[in-house]
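In: I need the structure of the sequence given here:
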Amino acid sequence: AFFPLFPLLVRGLSAGIFNVAIAGLLISSLAGLVLMIILYQLVLEELGEEAAKRSVLYLLVFPTAFFLWAIYPESLFLCLTVASFYAMCHNYWWLVALLGLFACLTRPNGVFLVLPFCFEYLRQRSFRWQEIRWNVLSVLLIPVGLGIFALYCYVHYGDVLAFSHAQRGWKRTLHVPWYGIILS
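Out: Have a look, this model is predicted:
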């Protein structure tokens, strides 16, 4: 049910400090700090200093911001996603793809980074097909993260979508956005 990057990082760090909870908090906090730095720099370059300060402030005071500092993969996923957007702005396409691969190993919706990758790649080339270079193939690396975990699930559980089927045990299913509001 849980994608492997965050638990693997926690396990790796806890081997050195012998405490899983502290390891999880350190990874979440470090990812959150890096997220704030990258977000600030990205917005600074795109919209200026005032907008950069406000974006970080608003992210920090948003009611669900506590998930960024808890032992959850949210800060790691958001850090990888924002870093991916920052790399897109600077034409580091292989880095974008690698960050996208790691985002897919953190949460399944990391695969959606393919869409902004394609749009930004084409936008920077004025949507001219003649300007496309071989580095566009790096986009194929993003869904590899999902494929790696699916292969792992197949080898261990005999089911490529075991991660999706395990969500039923947590009573998580796909619904329209307003379903939760109506249900509550």
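In: any buried residues in the helix or strand residue 36 falls within, and which?
Out: When elements are assigned from DSSP states H and E, residue 36 belongs to helix 20-47. Using 16 or more other Cβ atoms under 10 Å as the test for burial, helix 20-47 gives 23-24, 26-28, 31-32, 34-36, 38-40, 42-44. Where C-beta positions appear, they are placed from N, C-alpha and C, glycine not excepted.
In: so which strand or helix has residue 173?
Out: Counting by DSSP H and E, residue 173 is held by no secondary-structure element, helix or strand.
In: now it. Nearest residue, chain neighbours left out?
Out: residue 167 (7.2 Å; Cβ to Cβ, 6 or more residues apart in numbering).
In: what about this structure, any weak spots by pLDDT?
Out: Judged by pLDDT under 70, the chain has no weakly predicted residues.
In: so where do the strands sit in it?
Out: Here the chain has no strands by DSSP state E.
In: the helix holding residue 36 packs against which elements?
Out: helix 5-17, helix 49-61, helix 74-89 (3 or more Cβ pairs under 8 Å, 6 or more residues apart in numbering; DSSP states H and E).
In: can you put the ones you listed in CSV and add distance to residue 147 and mean neighbour count?
Out: Formatted as CSV, those follow (distance: least, Cβ to Cβ, whole Å; neighbours: other Cβ atoms under 10 Å):
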stretch, distance to residue 147, mean neighbour count
helix 5-17, 14, 15
helix 49-61, 31, 13
helix 74-89, 17, 23
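In: which one of those lies closest to residue 138?
Out: Of all the helices and strands packed on helix 20-47, helix 74-89 sits nearest to residue 138, with 10.7 Å by Cβ to Cβ.
In: what helices or strands is the closest one leaning on?
Out: Counting by 3+ Cβ pairs under 8 Å, 6+ apart, helix 74-89 packs on helix 5-17, helix 20-47, helix 93-106, helix 114-123.
In: can you check what angle separates the shortest one from helix 74-89?
Out: Meaning helix 114-123. Put simply, helix 114-123 runs at 20 degrees to helix 74-89, going by axes from the mean of the first three to the mean of the last three Cα atoms, to 10 degrees.
In: perfect, that will be all.
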